[in-house]
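**Q** my questions are about this predicted structure, shown below with the sequence.
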Amino acid sequence: MAGTAGGAAVGDVTLRRVCAVALLVVLLAGAGLATWRSTGGATASDPVRDLAAGLRCPACQGESVADSRSPIAAAMREVVAAQLAEGRSPDEVRAYFAERYGPEVLATPPARGLGLLLWVVPALVLLTVAVAAMRTHRRSERHRSPAPRSDQPAGRLRVRARTTWNVGALSLVGFVGVIAVIAPPGSEPAPPASAVTDPVAAQLTLARSLEQRGEYATAADVYRTALAQRPVDDIRLRLAFTLVRAGQPTPAEEAARQVLAGRPDEPDALLILGLAQRASGRPAAGSTLRRFLTLAPDHPAAPEVRRLLDAR
């Protein structure tokens, strides 16, 4: 009888040790997964994509510049590549975008919300592992002394403590698993719309930046996106002028005529229409530009237009 009871006790201890080891393995795996996801996983070899993955697309909902297929994101990727090629550091490139579009364009998880949990949870798991190791060591030290039976007060207390420990540990494992699974790698949920910089304003800033770099065709794509979201004449005129500079006079003429349909004496629309007609070789270009000079003789572009007309 005594041998049977002793064997059962040894088997119970062995089973508890196996369960403890399995629990520690699960805890460590969950901690590793949570930490890996919180840091964005393995680092890619493409520095442009790495940096673009840390920028939010101003025209998209919850997409990074690296993943979005919108013209805005494509233009931002070109800016990232150009600035890195010029020798700017990743921090300088991020500061460039934050200065123009606001800090919301940066997608690096801040130390709050889910981003904070992704760093706190692994620490909690490691602490749990340390406590579990200490408890296992203490149980091994007390193993030689006979354990109180479960129907005795001391035995019932040990059973209750062990049950509480197991439930708490399993709850923590589940918590780690949920956090690790639902958290998108290296990102924070998109802020509410009220907290995001005006997407059209960000698009216009990007388009002007592309114009300054001489990337007129890409800038025109960005202006088209902004115009689709906010169909106003100022953006339409900017698009038309950029199309002229990009060597696309036909769509530029169409955009200028749309403005003139509602404002027939708009000097800027007449100027762009005349330049587009001239680029297309249309005979009406001269009369359109002369009408522009009649309506706006002091316009900043008037001297250059007079030179063009005199050269014909």
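**A** Happy to help now that I have it.
**Q** alpha carbons only for contacts and neighbour counts from here, please
**A** Will do.
**Q** show me the contacts for residue 211.
**A** 219, 242 (Cα atoms under 8 Å, 6 or more residues apart in numbering).
**Q** which is the next helix or strand following the helix or strand it falls within?
**A** For residue 211, the element it lies in under DSSP states H and E is helix 199-212. Per DSSP H and E, helix 199-212 leads on to helix 216-229 as the next helix or strand towards the C-terminus.
**Q** from the contact counts, what lies against the helix or strand just after that next one?
**A** The helix or strand immediately downstream of helix 216-229 is helix 233-245, counting by DSSP H and E. Secondary structure elements in contact with helix 233-245, counted by 3 or more Cα pairs under 8 Å, 6 or more residues apart in numbering; DSSP states H and E, are helix 216-229, helix 249-262, helix 267-280.
**Q** can you list contacts of the second one?
**A** With Cα under 8 Å, 6+ apart as the contact definition, helix 249-262 has outside contacts at 233, 236-237, 239-244, 266, 269-270, 272-273, 276-277, 279-280.
**Q** now the helices and strands packed on helix 233-245 in a markdown table, with distance to residue 310, mean neighbour count and mean pLDDT?
**A** Output for the helices and strands packed on helix 233-245, formatted as a markdown table (distance: least, Cα to Cα, whole Å; neighbours: other Cα atoms under 10 Å; pLDDT from 0 to 100):
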| stretch | distance to residue 310 | mean neighbour count | mean pLDDT |
| --- | --- | --- | --- |
| helix 216-229 | 28 | 22 | 91 |
| helix 249-262 | 22 | 19 | 96 |
| helix 267-280 | 14 | 23 | 95 |
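**Q** now those as JSON lines including distance to residue 90?
**A** Below are the helices and strands packed on helix 233-245 laid out as JSON lines (distance: least, Cα to Cα, whole Å):
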{"stretch": "helix 216-229", "distance to residue 90": "23"}
{"stretch": "helix 249-262", "distance to residue 90": "36"}
{"stretch": "helix 267-280", "distance to residue 90": "38"}
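**Q** mind listing the helices for this protein?
**A** 2-38, 47-52, 71-85, 90-101, 113-141, 153-182, 199-212, 216-229, 233-245, 249-262, 267-280, 285-295, 302-310 (DSSP state H).
**Q** okay but residue 56 is in contact with residue 64, surely?
**A** Yes: when contacts are counted by Cα atoms under 8 Å, residue 56 is listed as touching residue 64 (4.4 Å).
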